[in-house]
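Trainee: please find the sequence and the predicted model below.
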Amino acid sequence: MPELPEVETTVRGLAPFLEGQRLTAVTTFRPDLRRAFPADLAQRLTGATVTTLSRRAKYGVISTDRDDHMIFHLGMSGRWRTEGGAAGKHDHLLIEAAGHRLFLHDPRRFGSVDLVRGDPLTLFPAFVTLGPEPLSDDFDAGYLAKALAGRRAPIKAMLLDQTVVAGLGNIYVCEALNMARIAPTKAAADVSKAKLAVLVPAIKDVLAAAIAAGGSTLRDFLSPDGDLGYFAKDWRVYGREGEACQCGGTIVRIVQSGRSTFACPKCQR
DNA sequence: CGTGTGCCCTGACAGC
DNA sequence: TGCTGTCAGGGCACAC
């Protein structure tokens, strides 16, 4: 997936197709992503009118006038495609509205689709434990210092923890830590208040820039309009093992919690 | 409770 | 060309 900016871009891209529209048909093809789709998904959505599209963390929310909220997660490889035509391999769900056909496409099937009646912020289990949105005013250096107090896990792992801050993924954490010159391996509680005061705006900046760029992409991300790729990808460190950091150091790749971390050992301390 | 590990699934790519 | 190994934006179940 899609980290926060890609989901935000997806939601913004889907909105013109769906907001205010009646869902004329909802069809499931292979209704087993990470979890099985709700059995009554198609029945509850068909005929409903979409009121709003929104995002929480890396989840997109499609709300209807029946107070049903379809919550989708794109996992590692999910996307919505709007090219129309027939369902193809890895298309799991089809939503039709105002003559448009929207396919939820997810080859690796790490994504999910849930349906909640009533306020998802309090009723959807995954939402209840989420930390603040990183772009909100609730997410500041004071909050982060409190959240990280006493935590001995690496700062990188803490920033990927969705209960600490909601929506960051591997790429943007690597980027923000480089911008703030913090070693990803440093114990979270040992990152100084001064460093956190640099890190928080770095996180906001890298996310805002990616959203502004239309969501960054790797090879299998498509915009909701079906256009191939985006721009970005001009990461400072991500995917740049062996290349020069802006400080002149050499970027290295290490493995933390089984996932790649890219960092510059010269300036990140 | 906090922390670290491994796995879910499929496809792309590098190297032989 | 075809095989094998490695890697991929996430999240969760476990074990300690």
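Mentor: Alright, I've got the coordinates. Small disclaimer: the values here were computed from a predicted structure and weren't measured. Numbers count the residues shown, from 1 in each chain, chains lettered A, B, ... in the order given.
Trainee: tally of neighbours for the nearest residue to residue A:46 once chain neighbours are set aside?
Mentor: Using C-beta to C-beta, 6 or more residues apart in numbering and skipping the chain neighbours, the partner closest in space to residue A:46 is residue A:26 (5.0 Å). C-beta: built from backbone N, CA, C; applies to glycine. Using other C-beta atoms under 10 Å, residue A:26 has 20 neighbouring residues.
Trainee: now swap in residue A:113 and tell me
Mentor: The burial count for residue A:113: 23, using other C-beta under 10 Å.
Trainee: before we move on, what SS does it have?
Mentor: At residue A:113 the chain is in strand, as set by DSSP: H, G, I helix; E, B strand; the rest coil.
Trainee: distance check, it against residue A:31.
Mentor: 8 Å (C-beta to C-beta, to the nearest Å).
Trainee: overlap in contacts of the two?
Mentor: Contact criterion C-beta atoms under 8 Å, 6 or more residues apart in numbering; residues shared by residue A:113 and residue A:31: A:37, A:41, A:92-93.
Trainee: out of the residues you listed, who has the most neighbours?
Mentor: Most neighbours among those, by other C-beta under 10 Å: residue A:93, with 26 neighbours.
Trainee: that one and residue A:32 touch, don't they?
Mentor: No: contact criterion C-beta atoms under 8 Å: residue A:93 and residue A:32 do not qualify, at 11.2 Å.
Trainee: tell me the secondary structure for the residue nearest to residue A:46?
Mentor: strand.
Trainee: quickly list what it is bridged to.
Mentor: Listed by DSSP bridges, the beta-bridge partners for residue A:26 are residue A:95.
Trainee: and what about residue A:70, helix, strand or coil?
Mentor: Classified using three-state DSSP, residue A:70 is strand.
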